[in-house]
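A.B. asks: Fold the following for me, if possible:
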Amino acid sequence: MWDAIECTEDQKSILNTVKKFVEKEVLPRSAELDAHPNPEDGYSQEIIAEANKLGIRTMTLSEEWGGLAASSLTTSMVVEALGRGDIGVSVAFAQTLKIAQIMEKALTEEQKSRVLPAFVDDPTAMLAIGITEPDNASNYFLPHPAPFNTVAERIEGGWVVNGMKHFISNGNRAKFYLLFVQTEKEKTLSTGSTCFLVERDRPGFTIGRVHDKMGERLANNAELIFQDCFIPDENVIGETGKGFGVLAEFFPQSNAYAGASVLGCADALYEKALDWAKIRVQGGKPLIEHDGIRAQLSEMQMLLDVARTYIHKACYLADNQEKGWNKTLGVYPKAFASQTGWKIATWCLEIHGGHGYMKEFGVEKLVRDAAAFLHSDGVNRTLFLKAANFIYAD
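C.D. replies: Model (predicted):
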């Protein structure tokens, strides 16, 4: 049975630090950064560097490697708090925080000694994972019996990789990447792919275009292009041909972190709706005194509470799987949080009336941001099918 978890004193201290950081460093810059026509200019190295001073960037690493040994539950709280300031900032950190967790667990001691100090010592270093391709996105989530189009040929001492990934969060900003490549062409992407560690400056690896997104513009997504890129055997993570084993074993909280990002955005929308309802007078009284608006705000609060509880449950059980983890917890939290976020976004827009459509009120940006996770980290309909396969498997 799941019971709500009360914040520890350490969690309260971390969240208070993050809240102050968001108020000082993120909120004053987010609208201006979002408005840049060039998507690369929406990203702020300064925000990353300031967060690094507080230990946010490396918090999921153990103390041995310079982190705070933050649990998945604590991390989801931080990701949500960042999302209240800006969903793009939240996504950039959520990707890095979860991949750092994976690296410490999945890398060999030799690999960790090469990668983790270099990551920790660089105050703006971020991390990325290369899975999605132009022709393989939902294919990966179900998975469909097809291979990745990014392929590797075996040569002496390693592999030569050719192909492209796209829509990759932190794609143009990362220092290190986890890359999933087809190494057994006659098999499917779920049975014949390998996970490789890739350094940013590896010859044959370049960044393609940075995608021009509707929202979530403070995070960059980009193409990763591989042209006869040699990756040595010592950069194989796990076993050759068993890349999906790395995902299954080390990725259980990924979906919940995505949910936490959109939940932060949804919470910001709710606060805007609540504040506006208190000051906007129509029909001779503030909106909040109209029963329909009061009920709508109440439903928003309920949905936020349920989404948060679901995310916290998934994160706690990801770290304590013997207490009741099931695979749907790696699928449902983001889907529910994104649906909640989109419903709250449209209601907030309606409560603001014409004012919500004007950029100066800040609702328009949040609506664009909230739309991102209807699709990001798995299209919701695909995720429901994935969960159904878990539930109704023979």
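A.B. asks: Pull the number of nearby residues for D291.
C.D. replies: D291 has 7 neighbours, counted by other Cβ atoms under 10 Å. C-beta coordinates here come from the backbone N, C-alpha and C atoms, glycine included.
A.B. asks: swap in A372?
C.D. replies: The number of residues near A372, taken as other Cβ under 10 Å, comes to 26.
A.B. asks: now do G354
C.D. replies: 7.
A.B. asks: From R280, how far out is it?
C.D. replies: Distance, G354 to R280, using Cβ to Cβ, to the nearest Å: 11 Å.
A.B. asks: which SS class is T194?
C.D. replies: strand (DSSP: H, G, I helix; E, B strand; the rest coil).
A.B. asks: Hmm, F244 and it touching each other?
C.D. replies: No - when contacts are counted by Cβ atoms under 8 Å, T194 is not listed as touching F244 (9.7 Å).
A.B. asks: More neighbours: the two, which one.
C.D. replies: T194 (25 against 21).
A.B. asks: so the more buried one bridges to which residues?
C.D. replies: V181 (DSSP bridges).
A.B. asks: what's near enough to touch it?
C.D. replies: Residues near T194 by Cβ atoms under 8 Å, 6 or more residues apart in numbering: 152, 159, 180-181, 183, 236-243.
A.B. asks: and the gap between it and E184?
C.D. replies: 8 Å.
A.B. asks: before we move on, what about E23?
C.D. replies: 50 Å.
A.B. asks: Pick out whichever of those two has more residues nearby.
C.D. replies: E184 (18 against 12).
A.B. asks: To which secondary structure element is the closest residue to M358 other than its chain neighbours assigned?
C.D. replies: Using Cβ to Cβ, 6 or more residues apart in numbering and skipping residues adjacent in sequence, the residue nearest M358 is E364, 7.1 Å away. Using DSSP states H and E, E364 falls within helix 363-371.
A.B. asks: which residues are contacting that helix?
C.D. replies: Residues contacting helix 363-371 (Cβ under 8 Å, 6+ apart): 30-31, 34, 86-88, 214-216, 262, 265-266, 268-269, 272, 338, 341-342, 344-346, 348-349, 352, 355-359.
A.B. asks: what's the following helix or strand after the longest helix seen in the chain?
C.D. replies: When the chain is parsed with DSSP state H, its longest helix is helix 291-319. Downstream of helix 291-319, the next assigned helix or strand under DSSP H and E is helix 332-352.
A.B. asks: now that following helix against helix 363-371, angle please.
C.D. replies: 160 degrees (axes from the mean of the first three to the mean of the last three Cα atoms, to 10 degrees).
A.B. asks: list the buried ones in helix 332-352?
C.D. replies: 332-345, 347-349, 351-352 (16 or more other Cβ atoms under 10 Å).
A.B. asks: Mind giving me the packing neighbours of that helix?
C.D. replies: helix 254-279, helix 291-319, helix 363-371, helix 380-391 (3 or more Cβ pairs under 8 Å, 6 or more residues apart in numbering; DSSP states H and E).
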